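Enquirer: A predicted structure for the sequence below; I have some questions about it.
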Amino acid sequence: MRRPFSMTRTILVLTVAVFAILTATAQKCSYLGLKSAGQAAYCIDRKDRVAYIRDFGGSADAREQIPHLLEKWDEAHVNKLVINCSHPHLDHMGGLIELASDRANFYTPDGLRFGNGIYVIDRDPKNTLPALLRRTLGSNEKVHHLPAGNRNAFSAVSAIDGDVFMMNIPYEVPSRTDSPSKRVTSHVHDSAVVTLTVLSRKCTILDLDDASTEAIKRVASELRKRSNIREFDAVIISHHGSKNNDNGPLLDAFQFRKVVFAVNEDNRFGHPDTTVVVQAIKKVGAGNVLFTGSDDAIEFDPTGVKFVYSATNAAGFRAFILPNLLRASSEDREFLRELDPTRDTQRPKFQIESQPNKDTKSELSTWAKTWEAVIEYARKLQDDMRDSIKEEGGPAKVVK
């Protein structure tokens with residue numbers, strides 16, 4: 001006798017099918033593991049066919065990553081490229097220079113990959129990347145420069161209803177009165193472009209890049225005063241976890257599910273500093289403190305985050321906490337030794353973990369409130385941009 005196909009089984013099959021479709025097309029944001037010091041991230045809005053790059057590490061890492069990136073762009077049929085350079089240091093900008101120097105990265109046999117334009121968003125006073133791209137492509141027609149700063153430059157290219165929405169947090173740090181030898185370095189980090197990325201109206205990633213302590217204070221103040229955003233899925237800690245950049249003003253003022261250190265193993269700078277790691281662990285718990293490493297990526301999507309290294313697995317602890325433990329204060333050493341997973345010989349040395357977000361009613365309510373707050377704040381910044389462009393006598397064009 002034939003077994004009836006029950007309603008329960010039908011629902012189960014449909015659920016699995018829908019989940020497979022959603023996960024296959026889910027918008028993802030990847031923070032790449034780099035072999036040299038630096039930071040690199042990219043994401044693709046498959047619905048609107050827009051590719052975003054947020055820094056690209058140094059030139060050597062970029063040469064290794066570019067073929068994979070081109071393959072992903074072609075798979076998604078992207079027709080617009082948004083390049084965001086946080087600041088003009090070679091461990092962030094060098095890979096973008098490598099990308100922009102080769103005409104083959106922008107053309108297929110059918111013509112220009114990005115028929116809807118290439119947009120550069122930065123605060124580089126020398127306009128390095130736009131000038132290089134125009135030389136490489138031989139035309140000004142498709143290259144657009146959108147300076148960030150005290151306005152959200154992404155308003156012109158990133159749609160609020162897109163599956164990937166990106167914006168920069170506007171702020172200004174007044175000129176410092178430090179000695180001339182210190183002024184150059186502090187000035188660059190005082191003007192680092194800080195971004196907020198939202199994937200499918202759910203996953204929110206606040207990226208501080210190399211923002212200085214003063215810049216972080218002003219970003220925190222801007223978000224507190226002008227937005228109702230109070231929770232984020234992740235924050236990318238400033239300057240790879242350097243002790244010279246205080247993330248406290250943001251960590252104290254907002255809630256985060258994950259704290260990410262964009263850092264490679266065995267770097268000569270001693271990143272991440274144990275004080276910064278302990279601060280992050282006390283904020284979100286050791287299992288939610290993640291490290292990019294050298295070979296793998298931390299991958300965010302609306303369903304959760306995939307990663308290799310955390311403060312609670314032996315591989316992460318051994319690579320990013322143990323090397324700097326002797327330089328830590330006695331209090332921090334004792335705190336971290338209590339967490340030390342390398343003492344557990346049964347724990348695997350290397351593991352890939354995934355922490356899915358749970359679509360509970362409370363979680364969905366939190367995401368909805370955060371998304372509403374993001375939209376409200378983004379529209380304020382759009383109004384600001386319209387007003388500033390009108391004052392400058394230009395067209396007030398923004399993406400709704």
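Expert: Good, I have the coordinates.

Enquirer: what's the end-to-end length of stretch 152-172?
Expert: Using C-alpha to C-alpha, to the nearest Å, the span of stretch 152-172 from its first residue to its last is 12 Å.

Enquirer: what is the mean pLDDT for it?
Expert: What stretch 152-172 shows for mean pLDDT is 93.

Enquirer: list the buried residues for it?
Expert: Burial within stretch 152-172, assessed by neighbour count using 16 or more other C-beta atoms under 10 Å, is assigned to 152-160, 162-171. Yep, even glycine has a C-beta here, placed from its N, CA and C like the rest.

Enquirer: what's the answer for stretch 257-277, then?
Expert: Of the residues in stretch 257-277, those buried (16+ other C-beta under 10 Å) are 257-265, 267, 271-277.

Enquirer: so which of the buried residues of stretch 152-172 are in helices?
Expert: Applying DSSP state H to these, no entry is found in helices.

Enquirer: can you map out the helices along the protein?
Expert: According to DSSP H, the helices that the chain contains are 7-25, 59-76, 90-100, 128-137, 180-190, 213-226, 248-253, 274-284, 314-320, 330-339, 361-392.

Enquirer: out of those helices, flag the one nearest Phe291.
Expert: Put simply, out of these the one that sits nearest Phe291 is helix 314-320, at 4.8 Å, with distance taken as C-beta to C-beta.

Enquirer: so where's this structure uncertain?
Expert: Across the chain, residues meeting the criterion (pLDDT under 70) sit at 1-26, 140-141, 176-186, 343-364, 387-400.

Enquirer: now do the residue lying closest to Val308 once chain neighbours are set aside against Leu133, distance only.
Expert: Of all residues beyond its chain neighbours, the one nearest Val308 is Asp296 (4.5 Å), with distances taken as C-beta to C-beta, 6 or more residues apart in numbering. Here the criterion is C-beta to C-beta, to the nearest Å. By it, Asp296 lies 30 Å from Leu133.

Enquirer: number of nearby residues for the nearest residue to Arg46 once chain neighbours are set aside?
Expert: With sequence-adjacent residues excluded and distances taken as C-beta to C-beta, 6+ apart, Arg46 is closest to Ala76, at 5.1 Å. By other C-beta atoms under 10 Å, 16 other residues sit near Ala76.

Enquirer: OK, contacts around Ala76?
Expert: 44, 46, 49, 51 (C-beta atoms under 8 Å, 6 or more residues apart in numbering).

Enquirer: with Asp384 instead?
Expert: The contact partners of Asp384, taken as C-beta under 8 Å, 6+ apart, are 151-152, 170.

Enquirer: re earlier: which members of the buried residues of stretch 257-277 are positioned in strands?
Expert: 257-261 (DSSP state E).

Enquirer: just send the residues you listed back as CSV, with distance to Asn245 too.
Expert: As requested, these are arranged in CSV below (distance: C-beta to C-beta, whole Å):
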residue, distance to Asn245
Arg257, 21
Lys258, 18
Val259, 14
Val260, 14
Phe261, 12
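
Enquirer: ok, of those residues, which one's closest to Pro67?
Expert: Using C-beta to C-beta, the shortest approach to Pro67 within those belongs to Val260, at 25.3 Å.

Enquirer: now do the same contact list for that closest one.
Expert: With contact set as C-beta under 8 Å, 6+ apart, Val260 has these partners: 31, 234-237, 290-292, 298.
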